[in-house]
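K.L.:
Task: produce atomic coordinates for the following.
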Amino acid sequence: MRYAYKDGAGRERNFLGAGLDIAWEDNGLDNLYRYLGAAPYLYSSTETLRVNDVDVRSIERVFNQFHLLALETTRQNLSILEVDTRYYIEEGKPFDLQPNYCQLPKEVRTTWRLSPDGSVPRTEIVSSDYDSYGNLLAQTQANGVTETSEWYSVSGEDGCPPDPDGFVRTLKAKSVVPAQSDYGHALVLVTRYRYKALPALAGSGQNLWLAAESETLLQQTTDGEKELQQTTYT
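P.N.:
Predicted coordinates for the structure are as follows:
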């Protein structure tokens, strides 16, 4: 195995911010988080697998200034696989003004291609949207199927007591919306969840905790919803 740390342009860049003109502050904090340039700062590493002193496979990984994997390119023989991940990062803004979910993937593009023949690449895209707590609101898969999620309020509502730790994290409903098709439209499936509060062990000093009470699978129809299955937990 062999490792190299120059980027595609031959520049010496790394997780410490090599090549930037920002003044280094030795305060134990990550100096790259202080970079506010309009152009993104990227650094990379290349891992090469060798067999009998011959390069067999290489993996180049490119990271952004928040040390998130932005691009991974795998090459073997004539085949190339690229995974391009885009985040909710707003360039030029300090980290404390970024969206709460800035470190979560906005779009992941996976591309397969052959290097020398100019063949048309195949690309699959998965896109995701989140609420301010980082909970997944919607995700569209590469096949066009969209999953949407709804979450219970932290203060509680019908079907879920207030969250004992003050978080929005309890799934209320999930919908699966089929992809568009020339052969007709499949129906939307919805799963709804209900919870109950259970006490912690006596003397533990812990808060109540929320346990699943029921899970109901429904099918959306032109007249409303039709129940397909219900599971109750006791």
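K.L.:
Give me the sheet partners of the helix or strand bottoming out on mean pLDDT in the chain and which way each runs.
P.N.:
Using mean pLDDT, DSSP states H and E, strand 2-4 stands out as the lowest-scoring helix or strand of the chain, at a mean of 90. Strand pairing for strand 2-4, determined by DSSP bridges: strand 43-51 (antiparallel).
K.L.:
For the lengthiest strand in the chain, name the packing helices and strands.
P.N.:
Secondary structure of the chain per DSSP state E: the longest strand is strand 209-221. Under the contact criterion of 3 or more Cβ pairs under 8 Å, 6 or more residues apart in numbering; DSSP states H and E, strand 209-221 touches strand 189-198, strand 224-232. Using the backbone N, CA and C atoms, a C-beta is placed for each residue, glycine as well.
K.L.:
Would you reformat those as CSV and include distance to V120 and mean neighbour count?
P.N.:
Below are the helices and strands packed on strand 209-221 laid out as CSV (distance: least, Cβ to Cβ, whole Å; neighbours: other Cβ atoms under 10 Å):
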stretch, distance to V120, mean neighbour count
strand 189-198, 34, 17
strand 224-232, 41, 11
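K.L.:
Quick check: R122 touching E82?
P.N.:
No. Using Cβ atoms under 8 Å, R122 makes no contact with E82, being 11.0 Å away.
K.L.:
Would you format the helices and strands packed on strand 209-221 as a markdown table with distance to E47 and mean pLDDT included?
P.N.:
Formatted as a markdown table, the helices and strands packed on strand 209-221 follow (distance: least, Cβ to Cβ, whole Å; pLDDT from 0 to 100):
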| stretch | distance to E47 | mean pLDDT |
| --- | --- | --- |
| strand 189-198 | 41 | 97 |
| strand 224-232 | 46 | 94 |
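K.L.:
Turn these into TSV, columns for distance to F95.
P.N.:
As requested, the helices and strands packed on strand 209-221 are exported to TSV (distance: least, Cβ to Cβ, whole Å):
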stretch	distance to F95
strand 189-198	34
strand 224-232	42
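K.L.:
What are the neighbouring residues in contact with P99?
P.N.:
Counting by Cβ atoms under 8 Å, 6 or more residues apart in numbering, P99 touches 88, 90, 132.
K.L.:
6 Å instead?
P.N.:
Counting by Cβ atoms under 6 Å, 6 or more residues apart in numbering, P99 touches Y88.
K.L.:
next one: E72
P.N.:
Counting by Cβ under 6 Å, 6+ apart, the residues that E72 touches are 61, 83.
K.L.:
If we use 8 Å, what do you get?
P.N.:
E72 touches 59-62, 82-83, counting by Cβ under 8 Å, 6+ apart.
K.L.:
So, low pLDDT: which residues of the protein?
P.N.:
117-118 (pLDDT under 70).
K.L.:
could you measure the residue nearest the centre of the chain against I125, distance?
P.N.:
Central residue of the chain (Cα atoms, centre = their mean): P105, 3.7 Å from the mean position. Distance, P105 to I125, by Cβ to Cβ, to the nearest Å: 11 Å.
K.L.:
Check Y33 too.
P.N.:
Counting by Cβ to Cβ, the gap from Y33 to I125 is 29 Å.
K.L.:
Please apply the same query to S45.
P.N.:
For S45 relative to I125 (Cβ to Cβ), the value is 26 Å.
K.L.:
and what of Q230?
P.N.:
Counting by Cβ to Cβ, the gap from Q230 to I125 is 35 Å.
K.L.:
surely N143 meets A179?
P.N.:
Yes. Counting by Cβ under 8 Å, N143 touches A179, with 5.8 Å between them.
K.L.:
Who has more neighbours out of these two?
P.N.:
Legend: neighbour count by other Cβ atoms under 10 Å for N143 and A179, higher for A179 (13 against 9).
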